[in-house]
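Undergrad: Give me the fold of what follows.
(2 chains)
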Protein chains: 2
Amino acid sequence: MRYELYYWPDIQGRGEFVRLALEEAGADYVDVARLPARRGMGMPALLRMLESPADPHPPFAPPFLKAGDLVIGQTANVLLYLGPRLHLAPRAESGRLWAHQLQLTIADFVSEIHDTHHPIAGSLYYEDQKPEAKRRAADFTRVRLPKFLAYFEGVLERNPRRGGHLAGGRLSYADLSMFQVVAGLRYAFPRAMARVMPDCPRLADLHDRVAARPRIAAYLASKRRVPFSEADVFRHYPELDG
Amino acid sequence: MRYELYYWPDIQGRGEFVRLALEEAGADYVDVARLPARRGMGMPALLRMLESPADPHPPFAPPFLKAGDLVIGQTANVLLYLGPRLHLAPRAESGRLWAHQLQLTIADFVSEIHDTHHPIAGSLYYEDQKPEAKRRAADFTRVRLPKFLAYFEGVLERNPRRGGHLAGGRLSYADLSMFQVVAGLRYAFPRAMARVMPDCPRLADLHDRVAARPRIAAYLASKRRVPFSEADVFRHYPELDG
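TA: Next comes the predicted model:
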């Protein structure tokens, strides 16, 4: 089956967690909005799906995945669906629930990361909420960032399977997402990360092992990987990196 | 099986979405932290589970559910697990993914509702972030509240099963959660809700039908239902209700 991923074409955003899973699996997929509109793709195709009045299962926002007749929204839900199909999730129900629980905690973390530069409203520019962003980012780098990273470091440490993965003994989509979060945080908050990451050797190692996987390395070096930018979730504003 | 719910004893919070599902199903469960510490329950039992160094699947935060040997965290994940077991989820995989997708969108909505009174930091008092809260709440009541409610109203309108439920032809945990959100929003933002709800007749009707279900009505009238308060997710601060 050819999967169709619908996401904003110019940012990594939340779509990147799905892209990384599809890339690692070597799945047959199209990143719809990044393809030309003249071929029936591009932003018009994304907007058509978002605004389709007939769809009984409308997504609230991108990313969403079309898999045959199914349209699945919410990043973690897309990965819940793809995980077993791409062999990127534990086999037993308990393991799948655990991988999904980790993904939902990553989603919470990503929301907090986003809100460091948009604490007041997504509809306003960063420049219109800069004093509030400074206050929120100061709490984030001092309190929330170390708390979340220590949690995930502890998950790696407690995993009885000892393979350096978050869930079970094999690579899962949660590991790929964790790579993305560490990479994004290093881009956005290099000074805060330089302080916190020495306490998280297992996370640093997981990041490096994911980045070195042949398909991920090829993807990161390709034009399919959108670069980090200040229009994205992970933004480097030195004034927020306390 | 007797389920053990672990959540803060004095607030509805995110635990309430799980409580409503357990109550509607008439499930055998204990709300651990609300029971006496002298019986091995209460806050000490909650903190013991949160701080257990041996648990290979530690939750990041309450609520979490103990079901036999399984410990499941993240509200939506708990409901994903309980849904089929309590007959509160569609039977087919596509329907289950759809109910879960709705629950995750409700979770995003709840996070935004929480952040109206805590836009800077959960570790600070409301009084320490009041100007920022006013700005965020103004955007919330003007932009985000109508957008989310119109989305869920549209989901009810598009459901081909016509039974007035969010997912499929029967009551699901998503309907129970939607009831809780409408009730909470009416408590927290009565003026904004009075403006928006006339455009959402299906949501108002869903709220009323859930509230009238015998087990839910009995629960809401009981002492098991924690009252709304200004220590909770839904807080009534008139100055935020533009």
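
Undergrad: Need phi/psi at A:D31.
TA: Backbone torsions of A:D31, given as degrees, to the nearest 10, read phi -100, psi 90.

Undergrad: One more: A:E4?
TA: Main-chain dihedrals, A:E4, degrees, to the nearest 10: phi -110, psi 120.

Undergrad: State the distance from the nearest residue to A:L220 once chain neighbours are set aside to chain B.
TA: Counting by CB to CB, 6 or more residues apart in numbering or on different chains, A:L220 lies nearest to A:A211, which is 6.7 Å off, once chain neighbours are set aside. Where you see a C-beta, it was placed from the backbone N, CA and C, and this is true even at glycine. A:A211 is 25 Å from chain B, where distance means CB to the nearest CB, to the nearest Å.

Undergrad: now for the one helix or strand A:A211 maps to, which elements pack on it?
TA: Secondary structure from DSSP states H and E places A:A211 in helix A:201-212. Helix A:201-212 is packed against helix A:145-158, helix A:173-188, helix A:214-221, with contacts defined by 3 or more CB pairs under 8 Å, 6 or more residues apart in numbering or on different chains; DSSP states H and E.

Undergrad: quick one, which of these is packed in tightest?
TA: Highest mean neighbour count among these (mean count of other CB atoms under 10 Å in any protein chain shown): helix A:173-188, with a mean of 23.

Undergrad: so A:P84 touches A:G95, yeah?
TA: No: using CB atoms under 8 Å, A:P84 makes no contact with A:G95, being 10.3 Å away.

Undergrad: what touches both of those two?
TA: Residues touching both A:P84 and A:G95 by CB atoms under 8 Å, 6 or more residues apart in numbering or on different chains: none at all.

Undergrad: does the worst-scoring helix or strand of chain A on mean pLDDT come close to chain B?
TA: Every helix and strand of chain A was ranked by mean pLDDT, DSSP states H and E. The lowest is helix A:42-51, at a mean of 94. No: using CB under 8 Å from any CB of the partner chain, helix A:42-51 stays clear of chain B, with a minimum separation of 11.2 Å.

Undergrad: Show me which positions of that helix end up buried.
TA: A:42, A:45-46, A:49 (16 or more other CB atoms under 10 Å in any protein chain shown).

Undergrad: higher neighbour count, A:P84 and A:G95?
TA: Using other CB atoms under 10 Å in any protein chain shown as the criterion, A:P84 and A:G95 rank with A:G95 on top: 18 against 12.

Undergrad: Correct me if wrong: the more buried one contacts A:A89.
TA: Yes: A:G95 is within contact range of A:A89, at 7.3 Å (criterion: CB under 8 Å).

Undergrad: Mind listing the shared neighbours of the two?
TA: Taking CB under 8 Å, 6+ apart as the contact rule, A:G95 and A:A89 both touch A:A167.

Undergrad: report the longest helix in chain A, please.
TA: Of all the segments of type helix in chain A, defined by DSSP state H, the longest one is helix A:93-117.

Undergrad: helices and strands around it, which ones?
TA: Helix A:93-117 sits against helix A:75-85, helix A:130-139, helix A:145-158, helix A:173-188, strand B:70-73, helix B:75-85, helix B:93-117, with contacts defined as 3+ CB pairs under 8 Å, 6+ apart.

Undergrad: buried set for it?
TA: A:94-117.

Undergrad: Then stretch A:206-216?
TA: Buried residues in stretch A:206-216, counting neighbours by 16+ other CB under 10 Å, are found at A:206-207, A:210, A:213, A:216.

Undergrad: where does A:L166 land in three-state SS?
TA: Here A:L166 is recorded as coil under DSSP: H, G, I helix; E, B strand; the rest coil.

Undergrad: From chain B, how far out is the residue nearest to it when sequence neighbours are not counted?
TA: Excluding the flanking residues, the one nearest A:L166 by CB to CB, 6+ apart is A:A174, at 4.6 Å. In this view, A:A174 and chain B are 12 Å apart by CB to the nearest CB.

Undergrad: quick one, what contacts A:A174?
TA: A:99, A:102-103, A:106, A:166-167.

Undergrad: can you pull the contacts of A:R162?
TA: A:G169.

Undergrad: do the same with A:P227
TA: Here A:P227 is in contact with no residue (CB under 8 Å, 6+ apart).

Undergrad: Report the separation between the closest residue in space to A:A183 that isn't next to it in sequence and A:T75.
TA: Sequence neighbours aside, A:H207 is the residue nearest to A:A183 in space, at 6.6 Å (criterion: CB to CB, 6+ apart). Per CB to CB, to the nearest Å, A:H207 is found 19 Å from A:T75.

Undergrad: Report pLDDT for the closest residue to A:G184 other than its chain neighbours.
TA: With sequence-adjacent residues excluded and distances taken as CB to CB, 6+ apart, A:G184 is closest to A:F234, at 3.4 Å. Looking at A:F234, its pLDDT reads 98.

Undergrad: if I pick A:F234, what's in contact with it?
TA: So A:F234 contacts A:12, A:113, A:184-185, A:187-188, A:228 (CB under 8 Å, 6+ apart).

Undergrad: can you redo the helices and strands packed on helix A:93-117 as JSON lines with distance to A:F64?
TA: Listed next are these as JSON lines, based on distance: least, CB to CB, whole Å:
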{"stretch": "helix A:75-85", "distance to A:F64": "7"}
{"stretch": "helix A:130-139", "distance to A:F64": "29"}
{"stretch": "helix A:145-158", "distance to A:F64": "26"}
{"stretch": "helix A:173-188", "distance to A:F64": "16"}
{"stretch": "strand B:70-73", "distance to A:F64": "25"}
{"stretch": "helix B:75-85", "distance to A:F64": "17"}
{"stretch": "helix B:93-117", "distance to A:F64": "9"}
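
Undergrad: want to try JSON lines for these, with mean pLDDT and distance to B:Y3 as columns?
TA: Output for these, formatted as JSON lines (pLDDT from 0 to 100; distance: least, CB to CB, whole Å):
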{"stretch": "helix A:75-85", "mean pLDDT": "98", "distance to B:Y3": "22"}
{"stretch": "helix A:130-139", "mean pLDDT": "98", "distance to B:Y3": "35"}
{"stretch": "helix A:145-158", "mean pLDDT": "97", "distance to B:Y3": "24"}
{"stretch": "helix A:173-188", "mean pLDDT": "98", "distance to B:Y3": "25"}
{"stretch": "strand B:70-73", "mean pLDDT": "96", "distance to B:Y3": "10"}
{"stretch": "helix B:75-85", "mean pLDDT": "98", "distance to B:Y3": "8"}
{"stretch": "helix B:93-117", "mean pLDDT": "98", "distance to B:Y3": "18"}
